[in-house]
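Enquirer: coordinates for the following, if possible.
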Amino acid sequence: MEKKNLVPQLGIFLKKDTAFLILAGSFALLTVATIISAWKFGSYLLPDTIGYFKITIGFSDALASLSPFYPFLLSNFPLSLIPLFDRVLFLSLITSVLAIYLLYRIATHADRNEGVIFFSFGISLFSWWSFRVLGSAHADSVFYLMVLVWLYIFIWPDKEDNHYFPAMAVLSALMIWVKLNALFLIPLLLIWILIDRNWGWSIVIGSMIASWALFQWVVPENILQFHLTEQVAGKQGLLTHLGLFYENLASWMQVTLGLVISDTLSQLIPKPVTFIMGLGWAFFLTAYLLMNKNKRENKTYQLLLFGVVYTLCFLAFQQWSGYREVNYRTLFPYLLVISWATWITLIRLNQKKIMILLAICISGHTMVGHGLLWQRKDVASLTLAKDFHQSEVRKNIEGVLEEGHLEIRTDAPEKLMLSFVDLQVLPIQPGNLFIEGKNYPLSEEEKLREREQALESLLSGKAVIVLFKADEFWEQVAENADVASTVDDGVMILSLSALP
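Expert: All right, here's what the predicted structure looks like:
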C-alpha cells in the first residue's frame, strides 16, 4: 500500500481552517488564563461584597441597596454546609461551568459552523470585560448566567412547546430578585408583542409585574424605590441634564469600544469623539431595528433589540437618578448581545479575516489584563480576605476591640472588611471618593483631612487603627502615651489605651 505524505495534507487543512484554529486557540488560551486568575484571586471585593455578607449572616439593613436572591443562595442548603468564603468561590465556579454549557447548547442549534459559534461566543465569555463579571462580581455573576439562560430560551428553542411561556415567566420573575435591572424585560416584551403578535408573552409580563409587586412588599425600601422617589436629576437644571446625557452617552460608547480594544484603552479616547460616535452608533442600531422589523426571526435582530432596549432603559434610569455609573459591570447584558450579534454577522458573511483580527484583538488585550493582574500584590480579592480571616492578625485585632469601638480605620480595608462586618471598616487615606456612580480622585489636602479624621476617631476611642505599612506619621502617633500599640507580623494595631 502506498504511503501518503501527511505533511502537505496537514498544510492544506491548516490553510483551509486557519480561522477555526485561531478561534479555538484563542478560546483555549483565555480559558487557561481565566482558570489561573480565578485560582489566584477568586471573586473581586466590590462595594457590594460586604453588604451581601451581612445579609447572608442575618443583617438585613443592606437590603436597602441590594437584592436578596444571591445571599439567599449563600445562606441555604447546600451552600450553607461549607464556610462562607468558600460558598462564594464555589458559586462562582458553578456559574462559569453552566455558562460554558449554555454556549455548547447554543452551538448545537446551528445547522453548521457549530464549532466556530462555540469558540467565538466563548471568546466573548472569557474576554476581559466578561471575565470580571461572570466569575468575580457576586450577584452580577448569577444575573449574568440568568441572562444567558433567558437569551437561550428567547432565541433558540422551540417556542411552540407547551412549557415555553411558563418557563420564561418563572425565569423572568426570578431574575427581579437577583437584580432589579431585570425590569427592563417588561418594556422589551411589550415591544416584542407588537412585533411578534404572540400574546403568550403577556404571561411573562404579568409574572414579572406580580414578582415586582411582591418584591416591593417584602423589601419596600429598595434602591430602585429610592431613586424613583428622590429623582435627584429632576431637581437640577437643563444644562445639568444635558451635561449628564453627554457624559453618559460618551461613556456608553467608550464601554462599547472596550469590547475590542479593552475598556482601559477606550477610556483614553476623548469624550467629544466618543459622544459623536455614540450618537452615530445609536442611530444605526435604531434604524436597523426599525427597517428590519419584518426579520424578527433573525437572531441578530433579536439580540440587537435586547441590547438597545436594555441600553435605553439603563441610560434613562441614569438620567433620572442623576448617576454616571456607566461601565462594563452595569452594561454587561448589552455588551454580551452586541458581541454575539457581531460574531453571528461575521460568520454569516464568511468574513474569516475580520473574525481572526477580532479574536486576536480580544485575546490580546485580555491576556495583557491577566498578565498585569498576576503581577499585582494588592488585588482586592476574596482569597486575600480569606487568608486574612484565617490569620493570627485577625485574632489579635479582635483582642483589642472593645464595646465602644465602632469602626476600624486601615490602609488595607479590602483585607479586613469581610472579617468585621459588624463594624465600619474605612480607609485611612482613600484615594477616591464614590459620588453618583463614579470614582473621583481626592486631592492631597483631602487625603490629609481624612487622615486627621482617622486620628480623631482613634483618640476619641471610637476607632482602632490597623496599618499594614505604617508611615512616619503613625509611628509617631504610636509613641503617644494615650495610645496602645502592638506590632504583629509587621502589622501595627493602634487603640486608645483607656476608653473614656
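
Enquirer: show me the strands in this structure, by range?
Expert: Secondary structure of the chain, counting by DSSP state E: strands at 407-410, 424-427, 432-435, 438-441, 463-467, 483-488, 491-496.

Enquirer: direction included, what does the second one pair up with?
Expert: Meaning strand 424-427. Strand 424-427 has the following sheet partners, assigned by DSSP bridges: strand 407-410 (parallel).

Enquirer: give me the domain ranges for this protein.
Expert: Each domain of the chain is listed here as a residue range: 19-375, 391-496, per automatic domain parsing.

Enquirer: ok, of those, where does mean pLDDT dip lowest?
Expert: The stretch with the lowest average pLDDT out of these is domain 391-496, scoring a mean of 87.

Enquirer: that domain spans what distance, first to last residue?
Expert: Between the opening and closing residues of domain 391-496 there is a gap of 23 Å (C-alpha to C-alpha, to the nearest Å).

Enquirer: could you dump the strands of the chain to TSV with mean neighbour count and distance to Leu239?
Expert: Glycine gets a C-beta too; all of them are placed from N, C-alpha and C. Formatted as TSV, those follow (neighbours: other C-beta atoms under 10 Å; distance: least, C-beta to C-beta, whole Å):
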stretch	mean neighbour count	distance to Leu239
strand 407-410	23	39
strand 424-427	18	34
strand 432-435	11	19
strand 438-441	12	19
strand 463-467	25	41
strand 483-488	15	50
strand 491-496	22	47
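
Enquirer: out of those, flag the one nearest Asn113.
Expert: Shortest separation from Asn113 across these is recorded for strand 438-441, at 41.2 Å, computed as C-beta to C-beta.

Enquirer: what is the closest one packed up against?
Expert: Applying 3 or more C-beta pairs under 8 Å, 6 or more residues apart in numbering; DSSP states H and E, we find strand 438-441 packed against strand 432-435.

Enquirer: one step back: okay if I get the domains of the chain as CSV plus distance to Leu382?
Expert: Formatted as CSV, the entries for the domains of the chain read as follows, by distance: least, C-beta to C-beta, whole Å:
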stretch, distance to Leu382
domain 19-375, 4
domain 391-496, 8
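
Enquirer: select, out of the strands of the chain, the one closest to Asp263.
Expert: The closest approach between Asp263 and any of the strands of the chain, judged by C-beta to C-beta, belongs to strand 438-441 at 14.0 Å.

Enquirer: Leu239: neighbour count?
Expert: Look at Leu239: counted by other C-beta atoms under 10 Å, it has 8 neighbours.

Enquirer: columns distance to Phe59 on top of the strands of the chain, output as a markdown table?
Expert: As requested, the strands of the chain are arranged in a markdown table below (distance: least, C-beta to C-beta, whole Å):
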| stretch | distance to Phe59 |
| --- | --- |
| strand 407-410 | 16 |
| strand 424-427 | 13 |
| strand 432-435 | 21 |
| strand 438-441 | 26 |
| strand 463-467 | 20 |
| strand 483-488 | 28 |
| strand 491-496 | 24 |
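
Enquirer: so which of these comes closest to Gln318?
Expert: Comparing those by their distance to Gln318 (C-beta to C-beta), the top pick is strand 438-441, with 11.0 Å.

Enquirer: mind listing what the closest one pairs with, with the direction of each?
Expert: Strand 438-441 sits in its sheet next to strand 432-435 (antiparallel), going by DSSP bridges.

Enquirer: okay, helices next: where are they in the stretch 351-500 of the chain?
Expert: Taking DSSP state H, counting those that start in this stretch, the helices of the stretch 351-500 of the chain run over residues 352-375, 382-389, 392-400, 413-416, 444-459, 472-478.

Enquirer: now those in JSON lines, with mean neighbour count and distance to Trp201?
Expert: As requested, these are exported to JSON lines (neighbours: other C-beta under 10 Å; distance: least, C-beta to C-beta, whole Å):
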{"stretch": "helix 352-375", "mean neighbour count": "17", "distance to Trp201": "34"}
{"stretch": "helix 382-389", "mean neighbour count": "19", "distance to Trp201": "39"}
{"stretch": "helix 392-400", "mean neighbour count": "15", "distance to Trp201": "52"}
{"stretch": "helix 413-416", "mean neighbour count": "22", "distance to Trp201": "44"}
{"stretch": "helix 444-459", "mean neighbour count": "15", "distance to Trp201": "51"}
{"stretch": "helix 472-478", "mean neighbour count": "14", "distance to Trp201": "61"}
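
Enquirer: can you say which of those is nearest to Ala210?
Expert: Smallest distance to Ala210 across the helices of the stretch 351-500 of the chain (C-beta to C-beta): 35.3 Å, for helix 382-389.

Enquirer: what's the closest one packed up against?
Expert: When contacts are defined as 3+ C-beta pairs under 8 Å, 6+ apart, helix 382-389 sits against helix 18-41, helix 84-108, helix 413-416.

Enquirer: ranking those helices by burial, who's on top?
Expert: Mean neighbour count (mean count of other C-beta atoms under 10 Å) peaks for helix 413-416 among the helices and strands packed on helix 382-389, with a mean of 22.
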